[in-house]
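Engineer: Show me how the following folds:
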Amino acid sequence: MGCMESNSKTTKPVVANSTEVNKNKIVWFFGPPTAGKSWSADFCAKYHGWNHIDGDEELMRMNPKTFTTVWKGCMIQFEKCLEDKAYEPPRESYAPYLTDLVNKTKQARAANLDQTVAVAFALYRKCHRDFVREITGEPVSFVQIEVTRDEVVARNMPRVEDFCKEAGVEPAEAWKMWQCHEQYGEYTGIECWTKMFLAIDFIGSFGGITAGEPDSFIIDSGLKSAGTLPGLEKCLGLPHIENPDIKAVCDINNKRAGENMKQKTAKEAEWKAEIEKKLAAGQFIGGASPNDEDKSCHMLMNETFDT
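Structural biologist: Numbering: from 1, shown residues only. Predicted coordinates:
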């Protein structure tokens, strides 16, 4: 999320299928990339004492031990949702990862029953939200944050720059780190990012709130996110904060993403060294032939097995 104009009144928060104001103690923020999901949850944590569980954090850190059982299926179904707006992902593709997130919300609620828990994650389909409702064990609210295609492009570049700064990498390194070169070619300059952002239909492929979904709200984030704060105040019943430090809230997510990427890079190096040592000795982690764990490690090394 880019820095917003906090004093603007250009917002049209819409209450959808819900009571006037949220009353639940678990709130999921969802929407396309750069809509302001993590920013909204960080704002609620910083200024209203909520507990923010970032849905992207484990995806960023990606433990190779759980790659095939949790991470891989979740990422593949998200990619298919982006490619085909009619695609309905099978339950087994997203259930392991969403179950892990829901379990974290349950633990947070058990630790402090008075504290509201916020989760920020890109739930692309109604089936994702229905699954969360089904297994949470208490009422859950969903806040959809809308953003236009032009805003997605405008907000993404500052986000990339902030991430690179926190992660200690150059834009060209981030391009390869995120494997953008495989689909969009080698990095030639800053214009590559704009080309990628324009190529991906984040808006058209996103499945928003539908009629009949309970405890659901929609916020129009507006130009430069000007509508986000007024929308949050209206649908969540939050007390008004005069002149909040917008940049400080932005920095929370940038620092978190940078730290997660550093840990991910360190974990990849650790596993690369381990697999190379075993292969040099004529061994596989799984025994006589490669198993899923071996293949995960090789994926991290940009290699594949022939078998």
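Engineer: where do the strands sit along the chain?
Structural biologist: Using DSSP state E, the strands of the chain run over residues 14-16, 26-30, 51-54, 117-120, 141-146, 216-220.
Engineer: comparing these, which gets the lowest mean pLDDT score?
Structural biologist: Out of these, strand 14-16 stands lowest, with a mean of 50 (criterion: mean pLDDT).
Engineer: looking at this structure, which helix or strand is least sure?
Structural biologist: strand 14-16 (a mean of 50; mean pLDDT, DSSP states H and E).
Engineer: What residues does the residue nearest the centre of the chain make contact with?
Structural biologist: By C-alpha atoms, centre = their mean, the chain has its centre lying nearest to residue 56, at 3.9 Å. Residue 56 makes contacts with 38, 120, 121, 122, 257, as judged by C-beta atoms under 8 Å, 6 or more residues apart in numbering. Where C-beta positions appear, they are placed from N, C-alpha and C, glycine not excepted.
Engineer: Could you do residue 245 as well?
Structural biologist: Counted by C-beta under 8 Å, 6+ apart, residue 245 has zero contacts.
Engineer: Could I get the pLDDT score of residue 83?
Structural biologist: pLDDT, read off for residue 83, is 81.
Engineer: just checking, residue 208 touches residue 146?
Structural biologist: Yes. Under the criterion of C-beta atoms under 8 Å, residue 208 makes contact with residue 146 at 7.5 Å.
Engineer: any common contacting residues for those two?
Structural biologist: residue 218.
Engineer: higher neighbour count, these two?
Structural biologist: residue 146 (22 against 19; other C-beta atoms under 10 Å).
Engineer: Spit out the contact partners of the closest residue to residue 259 other than its chain neighbours.
Structural biologist: In this structure, residue 259 finds its nearest non-sequential neighbour in residue 166, 7.3 Å apart by C-beta to C-beta, 6 or more residues apart in numbering. Taking C-beta under 8 Å, 6+ apart, we find residue 166 in contact with 254, 255, 257, 258, 259.
Engineer: Where helices are concerned, which of those count?
Structural biologist: 254, 255, 257, 258, 259 (DSSP state H).
Engineer: so how many other residues sit close to residue 220?
Structural biologist: The burial count for residue 220: 20, using other C-beta under 10 Å.
Engineer: Show me what it bridges to in the sheet.
Structural biologist: Residues in a beta bridge with residue 220, per DSSP bridges, are residue 146.
Engineer: just for this protein, where's the confidence low?
Structural biologist: 1-19, 58, 60-71, 279, 282-307 (pLDDT under 70).
Engineer: which residues in it form helices?
Structural biologist: Going by DSSP H, the chain shows helices at 37-48, 57-61, 72-83, 91-111, 126-136, 149-167, 171-177, 181-184, 191-199, 228-236, 246-280, 292-300.
Engineer: right, and those helices - which one's nearest residue 222?
Structural biologist: Taking C-beta to C-beta, helix 228-236 is the member of these nearest to residue 222, at 7.3 Å.
Engineer: what about residue 195, neighbour count?
Structural biologist: 12.
Engineer: For the closest residue to it other than its chain neighbours, give me its contacts.
Structural biologist: Of all residues not flanking residue 195 in the chain, residue 184 sits nearest, at 6.4 Å (C-beta to C-beta, 6+ apart). Residue 184 makes contact with 192, 195, 196, 199, according to C-beta under 8 Å, 6+ apart.
Engineer: And the second one, how far from residue 21?
Structural biologist: By that I understand residue 195. 42 Å (C-beta to C-beta, to the nearest Å).
Engineer: Kindly report the same for the last one.
Structural biologist: From residue 199 over to residue 21 the distance is 39 Å, taken as C-beta to C-beta.
Engineer: quick one: which of the two has more around it?
Structural biologist: residue 21 (13 against 9).
Engineer: Residue 173 versus that one, what's the distance?
Structural biologist: Distance from residue 21 to residue 173, by C-beta to C-beta: 45 Å.
Engineer: And for residue 211?
Structural biologist: For residue 211 relative to residue 173 (C-beta to C-beta), the value is 45 Å.
Engineer: Compare the two (neighbour count), which wins?
Structural biologist: It is residue 173, of residue 211 and residue 173, that has more neighbours when counted by other C-beta under 10 Å, with 13 against 7.
Engineer: quick one: residue 83 and residue 205 touch, right?
Structural biologist: Yes. If you go by C-beta under 8 Å, residue 83 and residue 205 touch, sitting 7.2 Å apart.
Engineer: So those two - more neighbours on which side?
Structural biologist: residue 205 (19 against 11).
Engineer: one step back: can you say which two of the ones in helices among the contacts of residue 166 are spatially most distant?
Structural biologist: 254 and 259 (9.7 Å).
Engineer: These two - which one has more neighbours?
Structural biologist: The neighbour comparison of residue 254 against residue 259 (other C-beta under 10 Å) goes to residue 254, with 20 against 15.
Engineer: That concludes my questions; thank you for your assistance.
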